[in-house]
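Novice: just a sequence and a predicted model for now, questions to come.
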Amino acid sequence: MSSKKKSKIYIIDTSAILSGIPINFDDAAMVTTSSISMELKPGGRDYRAFQFLIEKGLSILSPSKKSRDAVNSTSRKTGDEDRLSKADVDVLALALDMKLDDGKDAVILTDDYSIQNVADALDMKFGNIGQPKITKRFKWGYQCLGCGKKFKENIKICPICGAATKNIILDGKDIKRRKR
Ligand SMILES: [Zn+2]
């Protein structure tokens, strides 16, 4: 146990683990979820990167059901529901637990745009690893390839003309810059 109290906490997803970039552990704690650890098969470079992080102090925790429910209801509103894996939901929910229950300065490290989008909608901080961060909070929708009608709901076949739909971004709000 470290005698220094760590208030900053990074919640990392698979993209952060696989990036292999050095993360500064000195001023922050790092956690991930058991569902992420199960995505990585023993053996191979990815698993070794994961083992390295565990040796460096990465903890594996499970999120509360309450936070999972909050993430699921928010991702339904932003249209990210179908884009988030169970492991993605767990990362967001764990970050929410850290922020709400422990009052920690929780930052999600991920390159996944849907995780970033939902994090912003939940007023949570996120940082990227390799890709540029999203600058707009977006809302996914669907547009008919036949008649062009737009839908907020996940509609695969247009009820008006019967053509298939495609994923589109309905609108984007600028993300407010936050101090980290
Ligand atoms: Zn149509």
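Specialist: Good, I have the coordinates.
Novice: now the helices for this structure?
Specialist: 14-19, 34-39, 44-55, 65-78, 86-100, 113-121 (DSSP state H).
Novice: the ion contacts on this protein?
Specialist: Within the chain, the residues that sit near the ion (Cβ under 5 Å from the ion) are C144, G146, C147, C158, I160, C161, A163. The C-beta positions use only the backbone N, C-alpha and C, and glycine is treated the same way.
Novice: which ones are touching the first one?
Specialist: To tie it back to what came earlier, the one meant is C144. K150, F151, C158, I160, C161, A163, A164, T165 (Cβ atoms under 8 Å, 6 or more residues apart in numbering).
Novice: how does this protein divide into domains?
Specialist: Segmentation of the chain into domains, based on automatic domain parsing, reads 8-127, 136-174.
Novice: in the shortest one, which residues are buried?
Specialist: So that's domain 136-174. Neighbour-count burial for domain 136-174 flags R137, F138, K139, W140, G141, Y142, Q143, C144, F151, I155, C158, T165 (criterion: 16 or more other Cβ atoms under 10 Å).
Novice: from the ion, how far off is I17?
Specialist: Distance, I17 to the ion, using Cβ to the ion, to the nearest Å: 42 Å.
Novice: what's the burial count for that residue?
Specialist: Other residues lying near I17 total 23 when counted by other Cβ atoms under 10 Å.
Novice: where does pLDDT dip in the chain?
Specialist: Scanning the chain with the threshold set as pLDDT under 70 gives 1-6, 20-26, 130-134, 175-180.
Novice: centre-most residue in it?
Specialist: Nearest residue to the geometric centre of the chain (Cα atoms, centre = their mean): I115, 2.6 Å.
Novice: quick one: it and L94 touch, right?
Specialist: No: counting by Cβ atoms under 8 Å, I115 does not reach L94; the two are 11.6 Å apart.
Novice: for this structure, list the residue farthest from the centre, please.
Specialist: Relative to the chain centroid, the chain (Cα atoms, centre = their mean) has C161 farthest, 35.5 Å.
Novice: dihedrals phi and psi, that residue?
Specialist: Note on C161: its backbone torsions stand at phi -120, psi -10 [degrees, to the nearest 10].
Novice: hang on, it packs against G148?
Specialist: No: assessed by Cβ under 8 Å, C161 is found out of contact with G148, at 9.3 Å.
Novice: around the residue nearest to A70 when sequence neighbours are not counted, how many other residues sit close by?
Specialist: Leaving aside its sequence neighbours, A70 sits nearest to L96 (Cβ to Cβ, 6 or more residues apart in numbering; 6.1 Å). If you count neighbours by other Cβ under 10 Å, L96 ends up with 25.
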